[in-house]
Every structure is written in C-alpha cells, then in structure tokens.
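Visitor: Give me coordinates for this.
(one chain, ligands or ions: 2)
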Amino acid sequence: MNLLPTLDLDRAIFSRRRALKWGLLGIGTALLASTPKIVMAQTRAKTLTFNANDIGILNFALLLEELEAAFYPAALKSGKITNPKERDYLSEIGSHEAAHVAFLRQVLGSNALFQSRDLSLNAAGLNALLTSRDKILNTAVTLEDLGVHAYNGAGPSLTNPTYILAAGSIVSVEGRHSAAVRELAGRPSTEPDRDRLVQDANLAASLNPFKGRAYDELYTPKQVVAAVSSFKILNNPINGMLVA
Ligand SMILES: [Fe+2]
Ligand SMILES: [Fe+2]
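Guide: Residues are numbered from 1 along each chain as shown. Ligands and ions are numbered 1, 2, ... in the order given. From the prediction side, this is the model:
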C-alpha cells in the first residue's frame, strides 16, 4: 500500500533550515547529547503557557507540529533509516510538518506565543528515540497517532472559524501520516485500541460519545501533554489552563 504515491523531494522545504534551527546539522546527535550548552538550555528553556481559548489551542497545535517537524530531520540524520523508500516517506512527511508549522504561524500571526528558537530540545531524550530503525518508525507512529487524537480533541473547543478550518485541514494529513508510518512499521494502518496512550477508562466522556463506533478517540490537551512529556524531547516547561 502506497499512501504517499507522489514523492517529490524537490518540494521538501524543511531539511537544512530546520536542522540548523534545532542544531542538528553537521553535529552528531550523540555529540549534542554531551554538549554542555544543552544542559544549560535545560535551565533556561522558556515556559510555554497555553490558555484555554482558541489562541492557546492553536499554539498548542503549533507546538506539536514543531516537535514533529524536528523529529523527522533528526530521524533521517541518525543514519538508522537506510531503505530509500523509508527515507523518502520520512522526508516527505517531514516536509509536511514544516509546512504545518509555517501554516499555523501564518494563521496565528501575532498571536503566536513562542518562536521556534524559544523551543529547547533535550538531546538525550531525542537520541533515545533514534537508536534503531524500528524505534524511529514506532516513535513516528506514536507521534502521528497522537497528533490525530490531539487535533480531534481540540476541535470541539475551537470557536474561531478560521482556526477550525486550519485545524481540520491538518488533522486529515496527520491521519495519512499515521497510516503511512504504520505501513512502514508493519503495523495496522489504523490504530488498534491496544496502541492508544490513553485507555478507555481515562478517555473524557464528553469528548468521546461515540466510543466503540469510530477510531481515533479524542484526547484532552492535558492528556496530550502527558504523552508528549513521556517522549522527554522538550526542555520547555508547559503550563496554563488548557493543560491544567
Ligand atoms: Fe503535522
Ligand atoms: Fe504528521
């Protein structure tokens, strides 16, 4: 099954610029992990505060996109993905994530609460996700599945029609990403219940009235933050009513 049939690497806009932004180009990630500057960054990372309103929600989506957009260049740079088809997929998906970041920043305009340079990656945490081809692909599966749950969960709270359109136009792409990386990883193309980071007992009932009749349950921002934190790739503290 080929879910991304028209790979065109000329359209990949992310690689060098984003890798530079995150300090990943030309420096092995293992070296990054031992660089004192990274430790310094852990104590100075800007706190990200998300209020429980449209602006908070869309900025939270932006954060997820930033993490996805950082992950794929690092995955390609790791040297663990050698199959050309897999590299093409990850490259293409990475270009989508960079486009999502740019798009959300355009939609938010002056309401963007942080710049990309304000985000501080935890190099050790990132390295731990890049130790093998399987680890990378399975991390990608988790990230993409989480993106779908997060956008779906945020949707009912959005009131600004432009923001709703923006989020809706992205979530369907995240669903395709999920299916694509699941295919690469040899896993079911839709997420089985057993793969979910949030199990039935902890799903918000108000967000999930259709449980058992549809895939892609809705997660609250708080649940998404907990999942993101489990990756240990972001040094920035996260707070605010949206995730309280
Ligand atoms: Fe994305
Ligand atoms: Fe994605």
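Visitor: Quick check: which ranges of this structure have low pLDDT?
Guide: Within the chain, the segments meeting pLDDT under 70 span 1-43, 212-214.
Visitor: and if we set it to 80?
Guide: Using pLDDT under 80 as the threshold, the predicted model of the chain has low-confidence ranges 1-44, 209-215.
Visitor: This protein: strands as residue ranges?
Guide: Listed in chain order, the strands of the chain (DSSP state E) span residues 48-49, 238-239.
Visitor: Tell me the residue of this structure that sits nearest ligand 1?
Guide: Closest to ligand 1 within the chain is His100: 3.8 Å, counting by C-beta to the ion. All C-beta spots, glycine's among them, are computed from the backbone N, C-alpha and C.
Visitor: For the residue nearest to that residue when sequence neighbours are not counted, which residues are in contact?
Guide: Using C-beta to C-beta, 6 or more residues apart in numbering and skipping residues adjacent in sequence, the residue nearest His100 is Glu65, 4.3 Å away. Listed by C-beta atoms under 8 Å, 6 or more residues apart in numbering, the contact set of Glu65 reads Glu97, His100, Val101, Leu104, Ile170.
Visitor: again, only this time at 6 Å
Guide: Under the criterion of C-beta atoms under 6 Å, 6 or more residues apart in numbering, the contact list for Glu65 reads Glu97, His100, Val101.
Visitor: Highest neighbour count among those?
Guide: For those, neighbours were counted by other C-beta atoms under 10 Å; the highest total belongs to Glu97, with 28 neighbours.
Visitor: you'd agree that residue is up against Phe71?
Guide: No. Glu97 is not in contact with Phe71 according to C-beta atoms under 6 Å; the separation is 7.8 Å.
Visitor: on that earlier part again, can you say which of the strands of the chain is packed in most?
Guide: strand 48-49 (a mean of 18; mean count of other C-beta atoms under 10 Å).
Visitor: That strand pairs with which strands, parallel or anti?
Guide: Taking DSSP bridges as the criterion, strand 48-49 sits next to strand 238-239 (parallel) in its sheet.
Visitor: follow-up on the earlier one: the residue nearest to His100 and ligand 2: what is the separation?
Guide: Noted for Glu65: a distance of 8 Å to ligand 2, by C-beta to the ion, to the nearest Å.
Visitor: do the same with Lys77
Guide: Shown here: Lys77 relative to ligand 2, a distance of 18 Å by C-beta to the ion.
Visitor: can you tell me which residues contact Thr49?
Guide: Contacts of Thr49 were listed using C-beta under 6 Å, 6+ apart, and they are Asn239, Gly240.
Visitor: So that it lines up with my notes, have the first residue be 48 from now on.
Guide: Sounds good: first residue 48 from here, last item Thr96.
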